[in-house]
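Q: structure, please.
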Amino acid sequence: MTPHRDQPKAPPEIERVLRALVTTAKAVSLYPKTSTIPRDTATACAACLAQALAERSELRFVIAKEGLFCDGILVSAERAVFETLALSFYNHHLADVRFHAGVDARSIVGLLSLLQSPPEEVAAAGGFESRLWDLNIPNISVTEVHVSIVDADVAGEGENAPAESLPASLGEIDEIVAGAYGGRARDQLTVARFLRNPSAVSKYLRDTFSGAGAGLTDLSLVGERFAELAEIAYTANGGEGRLDRLRALGASLAELDPDLRHGLLVEEVFPEARTNEALAAVIRELDLDEVCRMLVSDVGADEISRQGLARAIRNLSMISLTDFDQVITAAGAAMRGAGFEQGFVGDVLEMTLPSRVMIRQSPQAAPTGQRPVDAIYKLMDLAPLPEDGVVAAEPEMAGLKEEARRGITDGDVIMSLVSLVAMDVRGAQFATTMSMLEDSLGLLVSSGEIDIAADAADELMAASQDVRLDEGQRMRLSGAIKRLTRPSDVQAIAHALRVYSPGSSEHEAAQRLLGALGPLAVDPLLEQLASEDEMQVRKLYVDLLSSMATRYVSELGEHVSDHRWFVVRNVVGILGSTRSSATLPYIERVVRHPEARVRREVIRALSHIHDRRAHDLLVHALSDDDAQNVQLAARYLGTAGIGTAIPALIQVAKGEGRGNRESGPRVEAIEALGRMGATEALPALTSIARSRSLLGGGRGREVRTAAEAAATRITGRKGGER
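A: Model (predicted):
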């Protein structure tokens with residue numbers, strides 16, 4: 001295809017992305033899987049994509065035989081090599097390919113490797129999109145072109161049917177929708193094609209709302225019709241082409257008037273979607289930020305509007321597979337973007353986030369004026385009496401009455417939700433239960449129910465291993481467990497461990513909760529250690545982390561790159577407490593840390609590790625610029641008797657080392673040589689002891705005296721042996 005000279009050009013960053021993709025595709029096709037070249041070129045391509053995605057949520061290329069289009073512009077139409085890449089996508093029946101934020105080199109190589117497989121082989125394995133999921137490539141998505149073969153008598157209702165065959169009036173559309181919803185294949189094909197036109201669908205919904213001149217304005221009827229369309233989109237053609245239909249139906253919402261759209265979502269779609277998988281699937285295909293903008297587009301500032309919006313946000317969190325916190329963040333951003341004051345935003349989010357687990361009593365549960373507990377007492381009183389007729393003497397009955405008086409606790413409700421999550425992993429049901437659990441789980445520790453929090457963490461961790469879960473569900477479970485690691489919760493756990501004696505139920509519950517949290521507890525404990533001023537509490541955090549360090553070396557080691565020197569010092573000290581050579585790869589990374597106190601902690605940590613590499617790093621520390629660090633390294637080397645350190649210690653003793661040359665480090669090195677019985681150091685020590693001009697004053701005498709004592713100690717050993 002020859003481009004017109006006035007044809008618009010794609011932005012330079014888009015050109016660079018496509019050029020990098022072509023280069024990587026060539027590398028993938030030419031080099032074996034064991035070669036690093038495809039991965040290297042893909043890394044450069046990922047950098048180009050990151051730059052292009054800096055100001056957009058995704059980068060979408062529409063695929064045609066003649067090339068790739070971005071934002072409606074044919075990218076580099078004059079380059080035949082780009083057409084070749086486009087043809088590869090086209091031959092695999094792809095309509096578009098979308099790159100999302102966070103795409104990495106591995107994902108790019110995986111995508112381009114799939115292009116090397118024959119199209120029929122990819123199709124037999126479930127299709128291109130399915131293969132991407134199998135390869136764990138979540139940041140690249142595609143739209144596949146689905147070609148359906150229909151009977152001759154309904155051929156006119158296929159996707160290629162003429163426009164005049166589409167239903168025209170509200171009544172006609174209602175009739176066909178009813179037929180399709182009833183399962184008629186012919187009508188399902190027609191509605192499936194109708195759904196691909198968001199403008200037509202939005203007009204149908206508007207006409208339904210206004211009654212098309214019949215004098216009606218029925219929002220519930222619009223909700224019913226939308227639910228029917230969602231069901232058809234979800235089930236038509238055996239599910240083939242489902243995502244395209246769901247996305248098109250979701251796009252029709254954006255074309256509705258704000259007031260109709262807001263009412264439809266808040267009053268009809270969201271409440272129903274909690275138990276309707278088809279409606280939930282439509283909402284999940286929409287961008288979360290876009291859904292939130294739809295919700296706030298026609299909201300008033302009155303109290304009823306606030307309550308309705310809060311209810312809608314809560315329902316959205318139950319529908320979405322996204323973490324509850326992300327929904328709250330997106331809703332807050334949408335409200336602020338719509339110009340609402342911070343007070344309004346805060347009120348709505350406060351209504352959305354509970355301060356306690358709410359248990360509502362049904363009005364029919366007990367007669368008017370009678371509390372539920374009174375009904376329980378009445379049942380107890382009707383029970384047969386013991387032979388002696390004294391009810392109060394029965395401890396079982398007294399305990400039951402006390403339990404009835406207390407009622408159901410928040411912890412009981414939360415554990416019920418935890419059990420439900422583990423039992424029912426179906427999409428909509430799982431999302432609904434998780435949403436209720438997420439906004440309640442964080443209340444456990446703050447309310448003092450640490451034992452129940454430990455039970456919940458144990459069960460959620462076990463539930464996350466269920467093979468029926470997809471990756472998104474596992475991530476959501478992990479996010480729920482993290483709700484027990486808030487700063488206030490970590491403080492409460494530490495307080496329980498400090499206040500209650502070992503063996504008490506409170507102390508054991510806190511220990512059990514930390515064990516259940518496992519590696520998730522590392523980060524919050526480190527943060528609390530960094531912010532804690534009280535020495536006794538700091539020691540408790542260090543002891544807790546040290547007791548976990550052997551199991552979570554890599555989780556701790558990641559923090560040696562922290563920009564705060566005191567955090568790095570804490571981590572190095574905790575890693576050193578393990579006395580394990582497994583910590584060396586992390587400790588070695590901060591041997592040259594700019595902060596002397598961090599390097600000092602490194603020396604202490606190395607002194608506990610009996611490994612040749614650790615000894616070499618201690619010898620290296622003798623060249624430190626800080627006097628205390630050189631002294632400390634010399635002392636540890638002398639105490640451990642590391643023979644390979646003798647030449648470096650002699651240089652420090654003579655004041656000729658590359659590091660600090662003050663008298664303190666020299667004396668420490670001399671004493672280390674004496675403790676080691678280093679006979680090869682005798683000439684240097686004798687020379688130092690006889691030097692009368694050395695430094696002068698008391699410091700010179702201190703060095704000479706240390707050299708004399710060390711030489712005497714060495715020569716006094718039998719046979720001069722060390």
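Q: okay, CA-based contacts and neighbour counts for the rest of this
A: OK.
Q: end-to-end on stretch 262-277?
A: One end of stretch 262-277 sits 21 Å from the other (CA to CA, to the nearest Å).
Q: and what of stretch 577-591?
A: 17 Å.
Q: so the nearest residue to A454 once chain neighbours are set aside is in which element?
A: Computed as CA to CA, 6 or more residues apart in numbering, the closest residue to A454 that is not its neighbour in sequence is L513, at 4.2 Å. Under the criterion of DSSP states H and E, L513 resides in helix 505-517.
Q: any idea how far the helix or strand just after that helix is from the chain center?
A: Once helix 505-517 ends, the next helix or strand along the chain (criterion: DSSP H and E) is helix 522-531. A distance of 19 Å separates the centroid of the chain from that of helix 522-531, by CA atoms, centre = their mean, to the nearest Å.
Q: could you list every helix and strand in contact with helix 522-531?
A: helix 487-499, helix 535-549, helix 553-557, helix 565-576 (3 or more CA pairs under 8 Å, 6 or more residues apart in numbering; DSSP states H and E).
Q: most tightly packed of those?
A: Across the helices and strands packed on helix 522-531, the average number of neighbours (mean count of other CA atoms under 10 Å) peaks for helix 565-576, which reaches a mean of 24.
Q: and the contacts of that one?
A: 526, 530, 542, 545-546, 549, 553, 556-557, 559-562, 583, 587, 595, 597-598, 601-602, 604-606, 608-609 (CA atoms under 8 Å, 6 or more residues apart in numbering).
Q: buried residues in the helix or strand harbouring R314?
A: Element membership of R314, judged by DSSP H and E, is helix 303-319. Using 16 or more other CA atoms under 10 Å as the test for burial, helix 303-319 gives 306-319.
Q: quick check: the farthest pair among the residues you listed?
A: Distances among the buried residues of helix 303-319 were taken as CA to CA; the most separated pair is R306 and I319, at 20.0 Å.
Q: now E708, nearest residue through space, not along the chain?
A: Among residues not flanking E708 along the chain, A689 sits closest, at 5.4 Å (CA to CA, 6+ apart).
Q: so, low pLDDT: which residues of the stretch 51-200 of the chain?
A: 65-66, 76-81, 145-169, 181-189 (pLDDT under 70).
Q: and the angle for the strand or helix carrying L477 with helix 505-517?
A: According to DSSP H and E, L477 maps onto helix 471-482. Interaxial angle, helix 471-482 versus helix 505-517 (axes from the mean of the first three to the mean of the last three CA atoms, to 10 degrees): 150 degrees.
Q: about what we covered before: filter the contacts of helix 565-576 down to the buried ones.
A: 526, 530, 542, 545-546, 549, 553, 556-557, 559-560, 583, 587, 597-598, 601-602, 604-606, 608-609.
Q: quick one, what contacts the residue nearest to A454?
A: By CA under 8 Å, 6+ apart, the residues touching L513 are 450-451, 453-455, 457.
Q: any idea how far A492 is from it?
A: Separation of L513 from A492 (CA to CA): 11 Å.
Q: contact partners for the nearest residue to G641 once chain neighbours are set aside?
A: Closest residue in space to G641, ignoring its immediate chain neighbours: M676 at 5.5 Å, by CA to CA, 6+ apart. Under the criterion of CA under 8 Å, 6+ apart, the neighbours of M676 are 638-639, 641, 643, 722.
Q: indicate which one of the helices and strands packed on helix 522-531 is closest to G339.
A: Per CA to CA, nearest to G339 of the helices and strands packed on helix 522-531: helix 487-499, 31.8 Å.
Q: report all helices and strands that that closest one contacts.
A: helix 443-446, helix 505-517, helix 522-531, helix 535-549.
Q: reformat those helices as a markdown table; add distance to I37 and mean pLDDT.
A: Converted to a markdown table, those look like this (distance: least, CA to CA, whole Å; pLDDT from 0 to 100):
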| stretch | distance to I37 | mean pLDDT |
| --- | --- | --- |
| helix 443-446 | 51 | 72 |
| helix 505-517 | 40 | 81 |
| helix 522-531 | 36 | 85 |
| helix 535-549 | 37 | 84 |
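Q: okay, those in JSON lines with distance to L94 next?
A: Output for these, formatted as JSON lines (distance: least, CA to CA, whole Å):
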{"stretch": "helix 443-446", "distance to L94": "47"}
{"stretch": "helix 505-517", "distance to L94": "43"}
{"stretch": "helix 522-531", "distance to L94": "43"}
{"stretch": "helix 535-549", "distance to L94": "49"}
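Q: so which of those helices is nearest G223?
A: Comparing the helices and strands packed on helix 487-499 by CA to CA, helix 443-446 comes nearest, at 35.6 Å.
Q: could I get the CA-only coordinates of that closest one as PDB?
A: Extracted in PDB, the C-alpha atoms of helix 443-446 (Å, rounded to 0.1, in the frame of the first residue of the first chain):
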ATOM      1  CA  LEU A 443     -11.200  -5.200  62.000                       C
ATOM      2  CA  LEU A 444     -10.100  -8.400  63.700                       C
ATOM      3  CA  VAL A 445      -6.700  -7.400  65.200                       C
ATOM      4  CA  SER A 446      -7.800  -3.800  66.100                       C
END
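Q: average pLDDT across the helix or strand just after it?
A: Proceeding N to C from helix 443-446, the next assigned helix or strand is helix 450-463, under DSSP H and E. What helix 450-463 shows for mean pLDDT is 80.
Q: likewise for stretch 563-582?
A: Summarised as a single mean, pLDDT over stretch 563-582 is 91.
Q: and for stretch 591-601?
A: 91.
Q: off-centre distance for that stretch?
A: Using CA atoms, centre = their mean, the offset of stretch 591-601 from its chain centre is 32 Å.
Q: what comes into contact with that stretch?
A: With CA under 8 Å, 6+ apart as the test, stretch 591-601 has contacts from 565-566, 568-569, 572-573, 590, 602, 617, 621, 626, 628-629, 632.
Q: and if you look at stretch 550-560?
A: Applying CA under 8 Å, 6+ apart, the external contacts of stretch 550-560 come out as 519, 522-523, 549, 567-568, 571-572, 575, 578, 580, 582-583, 586-587, 589-590.
Q: where does the stretch 551-700 of the chain have low pLDDT?
A: Judged by pLDDT under 70, the stretches of the stretch 551-700 of the chain that qualify are 657, 659-660, 692-699.
Q: tell me where it has strands.
A: In the stretch 551-700 of the chain, no strands are defined using DSSP state E, counting those that start in this stretch.
Q: and the gap between V75 and T43?
A: Taking CA to CA, one finds V75 at 22 Å from T43.
Q: more neighbours, those two?
A: V75 (23 against 19; other CA atoms under 10 Å).
Q: the more buried one and V109: what is the separation?
A: 22 Å.
Q: pull the contacting residues for the residue lying closest to M351 once chain neighbours are set aside.
A: Sequence neighbours aside, A310 is the residue nearest to M351 in space, at 5.9 Å (criterion: CA to CA, 6+ apart). A310 makes contact with 348-349, 351-352 under the criterion CA under 8 Å, 6+ apart.
Q: hmm, who's touching stretch 92-100?
A: Identification of contacts with stretch 92-100 by CA under 8 Å, 6+ apart yields 49, 53, 57-64, 115, 119, 128, 139-146.
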